[in-house]
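Generate coordinates for the sequence data below:
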Amino acid sequence: MLYGAIEGGGTKFVCAVGTSPGDVLDSVVLPTSSPESTLAACVDFFSAAERKLGAIDAFGFACFGPIDLRRHGPTHGQMLATPKPGWSRVQLLASLRSKFNVPIALDTDVAAAALAEWRLGAGQGLGCIAYVTVGTGIGGGVAPNELAGRCLLHPEMGHILVRRDPRDTDFPGVCPFHGDCLEGLASGPAIQARWRGQLDSLPPHHEAWSIIGGYLGQLAATIALLVSVQRVIFGGGVMANGLLLPHIRNAAANVLQGYLEPLSQPGALDDYIRTPQLGTRAGISGAFLLAEQAAAGSTGRCS
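Below you'll find the predicted structure:
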């Protein structure tokens, strides 16, 4: 079967066509601009791909959120109030549905990445994992997600409140909803606003590394306490070089204080908090897996 996959992020949309995550036949990277032009460009790509490769049997759409994923709700597929300007209340599936009469599975980009890492990457063989992306925004998902479609909303891990670092008390945060929530303090735009550059442009001894790693370590500890997954994987542009990992692990250890015994053993957090095995391919690979689920009729989030 031929699948269409979309990974929609705050900075770029990746569209691909193939028979599986490992067999991509065509792809394109599109800048995230207005929803109308971005979604239209996606449809144009898939229309052209069909002319070259044949009919697409199903789509998987992994997008930044928050999104209404309640399949039978009146606003299913709608972007809810989001920090991304111009995208609130956009119907994400309308453009695809207007052109392609095939099943479409929709989920968040982080849930799709979590699914891919669990099935194909750093979570293989484990019972459950969490995936966190740190980039334009911060989001997290869990795989497998047995509660899909039965919850109030998908997880919004990026908007939890964290303890402020004493070196960072003057920065108000960039989240338009909460100011200094985790995303408001540790996302790419928050780093840019504070230090006038991206994290990997700063020297390794700069305090920014331990400040941002400290906030993300609080999230890792919170996930371990609340969800009790077997591994937490951190991906996204801010994590690109992996230098944040030691700071995240140290901060998580400081929060947990040995309370979770499996994570208090020497080296346990080194194995528990990891980067993606699939790298930047996690999101689009997850979108392909969503398309496979849509074609098989096995997802509760299929249009």
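
Phe234: which element?
strand 232-235 (DSSP states H and E).

what helix or strand is the residue most central in space within the chain on?
Nearest to the geometric centre of the chain sits Val110, at 2.4 Å (C-alpha atoms, centre = their mean). Assessed by DSSP H and E, Val110 sits inside helix 109-120.

Could the C-alpha coordinates of the following helix or strand past that helix be exported in PDB?
The first helix or strand that comes after helix 109-120 along the chain, using DSSP H and E, is strand 129-134. Coordinates of each C-alpha in strand 129-134 appear next as PDB, following Å, rounded to 0.1, in the frame of the first residue of the first chain:
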ATOM      1  CA  ILE A 129       7.900   5.100  26.900                       C
ATOM      2  CA  ALA A 130       7.500   8.900  26.800                       C
ATOM      3  CA  TYR A 131       8.800  11.100  24.100                       C
ATOM      4  CA  VAL A 132       9.400  14.800  24.700                       C
ATOM      5  CA  THR A 133      10.300  17.300  21.900                       C
ATOM      6  CA  VAL A 134      12.000  20.500  22.800                       C
END
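
ok, the residue nearest to the centre of the chain to Ala294 distance?
Distance of Val110 to Ala294, computed by C-beta to C-beta, to the nearest Å: 19 Å. Where you see a C-beta, it was placed from the backbone N, CA and C, and this is true even at glycine.

How about Ser95?
Ser95 is 17 Å from Ala294, by C-beta to C-beta.

out of the two, which sits in the busier spot?
Ala294 (25 against 20; other C-beta atoms under 10 Å).

returning to that earlier point: so what angle separates the directions of the helix or strand just after the strand holding Phe234 and strand 129-134?
The first helix or strand that comes after strand 232-235 along the chain, using DSSP H and E, is helix 245-256. When axes from the mean of the first three to the mean of the last three C-alpha atoms, to 10 degrees is applied, the directions of helix 245-256 and strand 129-134 differ by 120 degrees.

Phi first, then psi, for the closest residue to Pro83 other than its chain neighbours.
Excluding the flanking residues, the one nearest Pro83 by C-beta to C-beta, 6 or more residues apart in numbering is Pro176, at 5.3 Å. Dihedral angles of Pro176 (phi, psi; degrees, to the nearest 10) stand at phi -70, psi -10.

Pro176 contacts Lys84, correct?
No: with contact defined as C-beta atoms under 8 Å, Pro176 does not count as touching Lys84 (9.9 Å).

who's more crowded, those two?
Lys84 (18 against 12).

Please report the distance of Ala49 from Pro35.
Note on Ala49: its distance to Pro35, by C-beta to C-beta, is 21 Å.

I meant Ala41, not that one.
Ala41 sits 11 Å away from Pro35, going by C-beta to C-beta.

Now the strand holding Phe234: buried residues?
Val232, Ile233, Phe234, Gly235 (16 or more other C-beta atoms under 10 Å).

Also stretch 268-277?
Leu269, Tyr272, Ile273, Arg274, Thr275, Pro276, Gln277.
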